[in-house]
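Asker: Predicted model, plus sequence, below.
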Amino acid sequence: MTMRDAVAAYVHDGDTVALEGFTHLIPTAAGHEIIRQGRRNLTVVRMTADIVVDQMLAAGCVSRLVSSFVGNSSAGSLGELRRRVEKGLPEPLVFEEYSHYGLICRYLAGAQRLPFYPLRSYGGSDLPRVNPDLRKVTSPYPGPDGEREEIYVVPPVNPDVTIIHAQRADRAGNTQIWGLTGIQAEAVYAARKAVVVVEEVVDDEVVRSDPNRTVVPAHAVDAVVVCPRGAHPSFAQGYYDRDNAFYRAWSAISKDEERLHAWLAEWVHGTRDHAEYVERLGEEHWARLAVGDAMSLPVNYGRRL
């Protein structure tokens, strides 16, 4: 599908939308299309809420954020998010905070259709004081000392739609990722619908030649969108590098509310689609983000003689 058609079909006002990709392969172009289509009252689930979340907040798309990290990925702050959380301006943001592993466990529970998922890492933490969904249950099994342990649990998350970015897929939706991976597969399995945005669609034979690189199988995917450079300003291993200059510039842009809205008007609302966004950045810009080859060695999977 086109990005426009995929967002129109699978993202609706009031939905819970997971946007996953851990530093790498962030589905930025999908976030921009959600902004263009004027979606409202979304709950966004994203482990590392960063620039694309800041942009969606400024565009008025998001009323609730579920995350385990907020920030401009080592380059500074998120101005819009800070205004929402610290001052409630232009309106408050409902923010549900987890640890990274806590949110991973929510995806695991959602993917496995479990009522909760246990974890130890909230012991001694102050986080349960600010998040009432971090609760304790008593183990049904006695430990070595005969006592039944109390342990923290988190609830499942089942997004209405999960959107991820990846390097490539076949037309059926078998999706391959390499380099830095995150929680993409679990986020897809936890969701009711899944949209995979890729740098390219390849022939079935390409995917079958290296099946272990298939992170998300076709049966879990509802739509495949081809969107080259759709993770910018993050990177796609083997396709283009991280745009560190953009990250460094974003803090100043988002700190100034007028400048932020001018940026959205020019680069999101002022572009028909991501292809125009890419074209407007210009080939000189993309040349600076070009990457050389670092080929993996062939793998012999073997076959019957």
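Answerer: Received, thanks. Numbers count the residues shown, from 1 in each chain.
Asker: so what's T181 up against?
Answerer: Each residue near T181 by CB atoms under 8 Å, 6 or more residues apart in numbering is listed here: F22, H24, V215. Glycine gets a C-beta too; all of them are placed from N, C-alpha and C.
Asker: Restricted to buried residues, select the residues you listed in PyMOL.
Answerer: Applied in PyMOL, the following selects the buried portion of these according to 16 or more other CB atoms under 10 Å:
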select buried, resi 22+24+215
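Asker: Which one of the contacts of T181 is nearest to Y101?
Answerer: F22 (12.9 Å; CB to CB).
Asker: Could you find the closest non-adjacent residue to that closest one?
Answerer: Nearest in space to F22, with sequence neighbours left out and distances taken as CB to CB, 6 or more residues apart in numbering, is G182 at 3.0 Å.
Asker: before we move on, back to that, using TSV, lay out the contacts of T181 together with pLDDT, distance to P90 and secondary structure.
Answerer: Below are these laid out as TSV (pLDDT from 0 to 100; distance: CB to CB, whole Å; DSSP: H, G, I helix; E, B strand; the rest coil):
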residue	pLDDT	distance to P90	secondary structure
F22	93	30	coil
H24	97	32	strand
V215	98	38	strand
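Asker: which among the contacts of T181 gets closest to Q112?
Answerer: V215 (17.2 Å).
Asker: where does the stretch 101-250 of the chain dip in pLDDT?
Answerer: Along the stretch 101-250 of the chain, no part satisfies pLDDT under 70.
Asker: And the strands in it?
Answerer: Using DSSP state E, counting those that start in this stretch, the strands found in the stretch 101-250 of the chain span residues 117-119, 135-142, 148-154, 161-169, 175-176, 193-201, 214-216, 223-226.
Asker: Can you list the buried residues in the first one?
Answerer: When neighbours are counted by 16+ other CB under 10 Å, the buried residues of strand 117-119 are found to be Y117, L119.
Asker: Quick one: list the elements packing against it.
Answerer: If contacts are counted by 3 or more CB pairs under 8 Å, 6 or more residues apart in numbering; DSSP states H and E, strand 117-119 sits against helix 100-112, strand 148-154.
Asker: Ok, which of these comes nearest S68?
Answerer: Here helix 100-112 is closest among the helices and strands packed on strand 117-119 (CB to CB), at 4.4 Å.
Asker: counting contacts, what elements does that closest one pack onto?
Answerer: The helices and strands touching helix 100-112, judged by 3+ CB pairs under 8 Å, 6+ apart, are strand 117-119, strand 148-154, helix 184-190.
Asker: rerun at 10 Å
Answerer: Where contact means 3 or more CB pairs under 10 Å, 6 or more residues apart in numbering; DSSP states H and E, helix 100-112 is packed against strand 16-20, strand 42-45, strand 62-67, strand 94-97, strand 117-119, strand 148-154, helix 184-190.
Asker: do you know which of the ones you listed lies nearest L81?
Answerer: Of these, the one closest to L81 (CB to CB) turns out to be strand 62-67, at 7.7 Å.
Asker: Now do the buried residues in the closest one.
Answerer: Buried-residue list, strand 62-67, by 16+ other CB under 10 Å: V62, S63, L65, V66, S67.
Asker: Same check on stretch 40-58?
Answerer: For stretch 40-58, by 16+ other CB under 10 Å, it's 42-58.
Asker: Then stretch 259-267?
Answerer: L260, W263, L264.
Asker: What distance do you get for the residue nearest the centre of the chain to R36?
Answerer: Per CA atoms, centre = their mean, the C-alpha nearest to the average position across the chain is that of E20, at 1.8 Å. Plainly put, E20 is 21 Å away from R36 if you go by CB to CB, to the nearest Å.
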